[in-house]
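1. After the sequence you'll find the predicted model.
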Amino acid sequence: MEKEYNPYDNMLAVLKEAAELLGLTEDQYATICYPERELKVSVPIKMDDGHVKVFEGFRVQHSSIIGPCKGGIRFHQNVNIDEVKALAAWMSFKCAVVNIPYGGAKGGIRVDPTKLSRDELIRLTRRYTTRILPMIGPDQDIPAPDVNTNGEVMAWIMDTYSMFKGHCVPGVVTGKPIEIGGSVGRVEATGRGVTIITEACMRAFGRNLDEMKIAIQGMGNVGGTAAEIFYEGNKKVVAVSDYTGGVYRAEGLNIAEIREFIKGGETLDHYNAEGVTHISNDDLLVCDCDILIPAALENQITEKNAADIKADFIIEAANGPTTVEADQILNDRGIVVCPDILSNAGGVVVSYFEWVQNLQSITWDLDEINRMLEKIMLTAFDDVEKLGREKKVPLRMAAYMVAIHRIYKAGELRGGPISLA
């Protein structure tokens, strides 16, 4: 019987291996294995029909060794504590890889938001905010959008928090609308970061991106933005998908047309164009392509399909899309995997820019944001790729080693519980 996937166990397995490759003892890395705080809350709201329904919510702070905790809030019917703990840890590692002064956190509510009205979502968000209010703040823990949440949800959180504080506190969340303190370039940042890392990876391995076929699982904010940037740069995107399935065209898809189609409220199972073949999400993962970009949910590439993947490169735009077992299969096959904690870090980098702008009451223009984003992402890739070559380890292991070393060193310098003293 196949073992049930647990993202937290998945994270711990990679952490342990990376720490040992760094020469750390279990005593030295033990603290990083556990979240600093885990909060589980009940979120009761009055539904539109008058009855009261209670939802389950979470907020986990993995590490504040390097700085305030940072991480998204997701609304999804399958949210559970192990998922949130894993995502919080990955945020710690992600921030450390790109070397910004944040630790990791994550939050979520177990809810299918498509079944709630807008008014119900507002009440749910505000009540959840009051439940986690003691944990969050611009100097403590700064939430951001994640799966099924957006800038509008962040605005509701900011407003609720500000009412309790008695004054406007824009720095309590990032990913806000620009009109209330959000940053230009934030919405596109994760997808743009994925394209920056993809191009850097191809250069590092001596491949020409112009000659390669790209497949992207997920056409939400991250996957859709990446697909559009590739398309505008005359790169060939041969396959894309959403939750209803995907489309494939070996000669390349018209991404601009597909994006407009989706923005109109349509799903890809209804999209048709000359030469387009409809495929499932499972088919997309093993389709004929050179670069595979999983940009949906975790646990997509597993030991069941890893042996059938045709891509030479996998750029992880989702959090935790590849299991430990699949990672080993891909590595044995010589497939290069650029890990999530590096590939999709563009969002948290520009969230950091937004936070800094809020704290200092300044604004930067889009050119400046994108210039700084590219500089940080390329520096992070160079750090990881260099260590990977030196230690002869895959990029995922190198990224974890970079992150864990920085977190461990910060703790040691602070004289904290993971100090050698």
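-> In hand now; what should we look at? Keep in mind that this is a model prediction, so the values were computed, not measured. Numbering: from 1, shown residues only.
2. which stretches of the stretch 301-421 of the chain aren't confidently modelled?
-> Within the stretch 301-421 of the chain, the ranges that satisfy pLDDT under 70 run 416-421.
3. can you do 50?
-> In the predicted model of the stretch 301-421 of the chain, residues 418-421 satisfy pLDDT under 50.
4. How about the stretch 1-150 of the chain?
-> Applying pLDDT under 50 to the stretch 1-150 of the chain flags the ranges 1.
5. which residues of it fall in helices?
-> 7-21, 26-29, 81-97, 118-132 (DSSP state H, counting those that start in this stretch).
6. List the buried residues of the last one.
-> Buried residues in helix 118-132, counting neighbours by 16 or more other CB atoms under 10 Å, are found at 120-129, 131-132. Where C-beta positions appear, they are placed from N, C-alpha and C, glycine not excepted.
7. elements contacting that helix?
-> Contacts defined by 3 or more CB pairs under 8 Å, 6 or more residues apart in numbering; DSSP states H and E place helix 118-132 against strand 37-46, strand 52-61, strand 69-76, strand 103-110, helix 151-165.
8. could these be laid out in JSON lines, adding distance to Met397 and mean neighbour count?
-> Shown next, in JSON lines, are these (distance: least, CB to CB, whole Å; neighbours: other CB atoms under 10 Å):
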{"stretch": "strand 37-46", "distance to Met397": "27", "mean neighbour count": "15"}
{"stretch": "strand 52-61", "distance to Met397": "24", "mean neighbour count": "19"}
{"stretch": "strand 69-76", "distance to Met397": "23", "mean neighbour count": "26"}
{"stretch": "strand 103-110", "distance to Met397": "19", "mean neighbour count": "27"}
{"stretch": "helix 151-165", "distance to Met397": "34", "mean neighbour count": "19"}
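9. Would you convert those into CSV that also reports distance to Asp367?
-> Shown next, in CSV, are the helices and strands packed on helix 118-132 (distance: least, CB to CB, whole Å):
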stretch, distance to Asp367
strand 37-46, 39
strand 52-61, 34
strand 69-76, 25
strand 103-110, 29
helix 151-165, 21
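10. can you tell me which of those comes nearest to Gly206?
-> strand 103-110 (33.7 Å; CB to CB).
11. got the angle between the closest one and strand 69-76?
-> Comparing the axes of strand 103-110 and strand 69-76 via axes from the mean of the first three to the mean of the last three CA atoms, to 10 degrees yields an angle of 20 degrees.
12. Checking Ala410 next. Helix, strand or coil?
-> When classified by DSSP: H, G, I helix; E, B strand; the rest coil, Ala410 comes out as helix.
13. from what I can see it touches Ser63, true?
-> No - contact criterion CB atoms under 8 Å: Ala410 and Ser63 do not qualify, at 9.1 Å.
14. The two - which one has more neighbours?
-> Between Ala410 and Ser63, counted using other CB atoms under 10 Å, Ser63 has the larger neighbour count: 26 against 18.
15. Now do the more buried one against Ala215, distance only.
-> Ser63 sits at a distance of 34 Å from Ala215 (criterion: CB to CB, to the nearest Å).
16. Centroid-nearest residue for this structure?
-> Most central in the chain under CA atoms, centre = their mean is Asn319, positioned 4.8 Å from the mean C-alpha point.
17. Surely it touches Trp90?
-> Yes - using CB under 8 Å, Asn319 is in contact with Trp90, at 5.7 Å.
18. what are the ranges of the strands in the stretch 251-400 of the chain?
-> Counting by DSSP state E, counting those that start in this stretch, the stretch 251-400 of the chain has these strands, from start to end: 277-279, 291-294, 313-315, 336-338.
19. and of those strands, who's closest to Gly67?
-> Among the strands of the stretch 251-400 of the chain, the nearest to Gly67 by CB to CB is strand 336-338 (24.9 Å).
20. circling back to that earlier point, how about the residue nearest to the centre of the chain, what does it touch?
-> Taking CB atoms under 8 Å, 6 or more residues apart in numbering, we find Asn319 in contact with 87, 90, 298, 340, 344.
21. ok now do the residue lying closest to the third one once chain neighbours are set aside, which residues does it touch?
-> Which is Glu298. With sequence-adjacent residues excluded and distances taken as CB to CB, 6 or more residues apart in numbering, Glu298 is closest to Gly320, at 3.6 Å. Going by CB under 8 Å, 6+ apart, Gly320 touches 7, 10-11, 86-87, 90, 298-299, 340.
22. go with 10 Å
-> Contacts for Gly320 were tallied using CB atoms under 10 Å, 6 or more residues apart in numbering; they are 5, 7-8, 10-11, 14, 83, 86-87, 90, 294, 297-300, 339-341.
23. quick one, what contacts Asp365?
-> Per CB under 10 Å, 6+ apart, neighbours of Asp365: 184-185, 371.
24. By neighbours, which of these wins?
-> With neighbours set by other CB under 10 Å, the maximum within the contacts of Asp365 is found at Gly185, which has 22 neighbours.
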